[in-house]
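Visitor: Please find the sequence and the predicted model below.
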Amino acid sequence: MRFARDPRGITPYRDRRDAGAVLARNLTHHHPRDLIVLALPRGGLPVADEVARALDVPLDVFVVRKLGVPGHEELAMGAIASGGVRVLNDDVIAWYRLPPSTIDEVARREALELERRESLYRDGRALLPITGRTAVLVDDGLATGSTMQAAVLAARRLDPSRIVVAVPVGSEEACTTLARLVDEVVCPLVPPSLSAVGAWYQDFSQTTDEEVREILARRHAGFKVPGYESRRD
């Protein structure tokens with residue numbers, strides 16, 4: 001597990017692009033030929049775009065949805081990912097005494113949004129090939145880590161040679177938990193306490209669906225991957 005500290009010290013990033021540039025510098029030990037960067041939408045896309053550009057490697061989106069606690073939606077009780085993957089945070093569920101029916105209802109609602117985003121972002125393109133490659137899963141930060149855990153489980157089904165989780169900022173608990181599930185965790189900034197990822201960005205404005213589509217369209221147009229053919233309806 002690499003907690004490569006930011007030489008600037010414990011200071012917020014300017015924005016997600018700045019964070020991506022710092023993150024890329026901590027991934028240069030990987031051979032570009034073997035890498036594919038998978039971004040968790042939406043906030044992970046600008047970060048991952050900077051990483052993929054700096055390392056000159058392909059980029060794609062990997063759709064995962066957080067399952068928020070009803071009435072406290074920013075708090076994750078779990079997450080879902082493509083392929084029917086569901087990860088639950090047992091501690092949160094027990095604390096809020098959430099019944100299975102509530103969890104299932106939230107999961108059904110988020111599954112519809114996951115399907116919508118898959119269709120919107122991909123625009124008929126298939127996921128870039130991951131088998132035999134080092135998959136670098138990128139988000140703008142880790143708080144509980146449940147969303148990233150779902151992404152890891154889903155990515156593993158695609159048979160990559162290695163899985164790396166790379167985030168600009170994260171809680172030590174989440175990074176340590178994920179380090180048990182993947183080959184490497186790269187996190188340049190691990191604050192003494194992390195209550196919200198957005199607190200470690202000067203500009204944490206929302207990434208829009210259109211920005212995601214523009215990034216992916218530009219990257220897919222400018223980067224050809226052997227063995228990949230776009231599938232369109």
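Guide: Perfect, thanks for sending it. Residues are numbered from 1 along each chain as shown.
Visitor: any idea of the mean pLDDT for stretch 77-96?
Guide: On average, the pLDDT along stretch 77-96 is 88.
Visitor: and if you look at stretch 200-217?
Guide: Per-residue pLDDT values across stretch 200-217 average out to 95.
Visitor: and that stretch, which residues are buried?
Guide: Using 16 or more other CB atoms under 10 Å as the test for burial, stretch 200-217 gives Trp200, Tyr201, Phe204, Thr207, Val212, Arg213, Ile215, Leu216. All C-beta spots, glycine's among them, are computed from the backbone N, C-alpha and C.
Visitor: Mind telling me the two of these farthest from one another?
Guide: In those, the most distant members under the criterion CB to CB are Trp200 and Arg213, with 26.5 Å between them.
Visitor: Tell me if I'm right that Lys66 and Ser146 touch.
Guide: Yes - using CB atoms under 8 Å, Lys66 is in contact with Ser146, at 7.0 Å.
Visitor: got any residues that touch both of these two?
Guide: Ala76, Gly78, Ala79 (CB atoms under 8 Å, 6 or more residues apart in numbering).
Visitor: Export only the CA atoms of the helix or strand where the second one lies, formatted as CSV.
Guide: Using DSSP states H and E, Gly78 maps to strand 72-81. Provided in CSV are the C-alpha atoms of strand 72-81 (Å, rounded to 0.1, in the frame of the first residue of the first chain):
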residue,chain,number,x,y,z
HIS,A,72,-28.8,11.2,5.3
GLU,A,73,-28.1,10.5,1.7
GLU,A,74,-24.4,11.6,1.8
LEU,A,75,-23.7,8.7,4.3
ALA,A,76,-23.2,5.4,2.4
MET,A,77,-24.8,2.3,3.7
GLY,A,78,-23.3,0.5,0.7
ALA,A,79,-23.0,0.7,-3.0
ILE,A,80,-23.9,-1.2,-6.3
ALA,A,81,-22.0,-1.6,-9.5
